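1. have a look; sequence and predicted model below, questions after that.
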Amino acid sequence: MNSLHAQAASPADTSNRPISLFIPLDGIIGAETDGLDLSRPLDGGTVEAVRAAFRDHHLLVIRNQSLDKERMYRFAELFGPIEGHMIRLADGSKWDAVHTITNLDAAGNPVAKPFISSNYFWHTDKSFLREPSLLTMLQAVELPPNGGDTQFADMTAAFDALPEATRRRIDGLKSVQSLEFMRRYTGSAPPTEDDIAAAPPIAHPLVRTHPETGRKSLYIGMYSSHIEGLPEEEGRALLEELLEHATQDRFVFTHRWQHGDLVFWDNRCLLHRATANFEMGKHRRVLMRVVVKGSVPE
Ligand code: OGA
Ligand code: MN
């Protein structure tokens, strides 16, 4: 077959090929595709392929998207119920569960110290809730010229790499997750009485089992205050030791944002953090965000 033929044949070939939409990212976790248009509903086979890729890679990057709130909500909803403001208002603003995270002040100007600075510490979203976040989805709206990366750490690989004795020591332990602790730990404003009443500290397994893959991973990060049943000092030391182990370079992937990126990750088995590697007082960084609610960690 000459090259002209090969070119002419390729569109038909693509439609018949079994779906392998995603290619692994250059790192320990994650996969990407530029072959999806999420502005339109996906067919059942494609939905299954995306779900399978999410289960296998834990972090997906879908390039070249420009979704409005409703389309982003609709796509996220394929993975489970949406977390947040679920009351449907008269004007249909159910989509307000899709919000933005930015380094802008109320007047819309970039500020050197972002309003929410706890994002710059390793964490898994809302682990202080009884049913923490399953998946968090971000879409690039405005990016700084360089930097503003998001980092992810693989808690399954980190668990697997622990010495056998440590794995035995921590299996069955529970860590107490606390909003109040996190605010102190990250130097943020203390929570109000109402905040604490709405989300009192809760104990979750230190090692959780992924409900879909059955694999064990460390469930730690900035909300992990202490270990149930251990003296406070000893629990803190263990948590710090595990976090240091689990966030070594070999377990970390750094996502460098491109315009059009839609990124989502599995909070059940990854930690993440924002990186302040850009001139925050000068450049704008705006991401659309929506979160899928998870189940009680086991
Ligand atoms: C989040 C988060 C990190 C970032 O949206 O939950 O932690 O890079 N974001 O903005
Ligand atoms: Mn987060």
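-> Thanks, I have it. Residues are numbered from 1 along each chain as shown. Ligands and ions are numbered 1, 2, ... in the order given.

2. pop out the phi and psi values for the residue in the stretch 51-200 of the chain that ligand 1 sits nearest to.
-> In the stretch 51-200 of the chain, the residue found nearest to ligand 1 is T150; the distance is 3.5 Å by CB to the nearest ligand atom. Heads up, the C-betas are built off the backbone N, CA and C, glycines and all. Main-chain dihedrals, T150, degrees, to the nearest 10: phi -120, psi 140.

3. show the contacting residues for Y223.
-> 123-124, 127-128, 177-179, 181-182 (CB atoms under 8 Å, 6 or more residues apart in numbering).

4. quick one: which of these is most hemmed in?
-> Most neighbours among these, by other CB atoms under 10 Å: T124, with 31 neighbours.

5. I figured that residue hits D266, correct?
-> No. If you go by CB atoms under 8 Å, T124 and D266 don't touch, sitting 9.3 Å apart.

6. hang on, the earlier thing: what sits opposite the residue of the stretch 51-200 of the chain closest to ligand 1 in the beta ladder?
-> For T150, the beta-bridge partners are H255, A274 (DSSP bridges).

7. shouldn't it be in contact with V252?
-> No. Contact criterion CB under 8 Å: T150 and V252 do not qualify, at 11.0 Å.

8. alongside ligand 1, which residues does the protein contribute?
-> Neighbours of ligand 1 within the chain, by CB under 6 Å from any ligand atom: 101, 119, 125, 136, 138, 150, 272, 274, 287, 289.

9. if we use 8 Å, what do you get?
-> Counting by CB under 8 Å from any ligand atom, the positions of the chain adjacent to ligand 1 are 101, 119, 123, 125, 136, 138, 148-151, 272-275, 285, 287, 289, 291.

10. can you pull out the low-pLDDT segments for the stretch 151-298 of the chain?
-> By pLDDT under 70, the stretch 151-298 of the chain contains no weakly predicted segment.

11. and the stretch 1-150 of the chain, by the same measure?
-> 1-19, 85-94, 115.

12. try 50
-> 1-14, 16-18, 86-87, 89 (pLDDT under 50).

13. tell me where it has helices.
-> 3-16, 44-57, 69-76 (DSSP state H, counting those that start in this stretch).

14. for ligand 1, what's its nearest residue on the stretch 151-298 of the chain.
-> Closest point on the stretch 151-298 of the chain to ligand 1, by CB to the nearest ligand atom, is A274, at 3.3 Å.

15. which ones are touching that residue?
-> Contact partners of A274, counting by CB under 8 Å, 6+ apart, are 119-120, 148-150.

16. ok, back up a step: of the residues of the chain next to ligand 1, keep whichever come out buried.
-> 101, 119, 123, 125, 136, 138, 148-151, 272-274, 285, 287, 289, 291 (16 or more other CB atoms under 10 Å).

17. from T150, how far off is the closest residue in space to A140 that isn't next to it in sequence?
-> Nearest residue to A140, sequence neighbours excluded (CB to CB, 6 or more residues apart in numbering): D261, at 4.7 Å. The gap separating D261 from T150 is 10 Å, by CB to CB, to the nearest Å.
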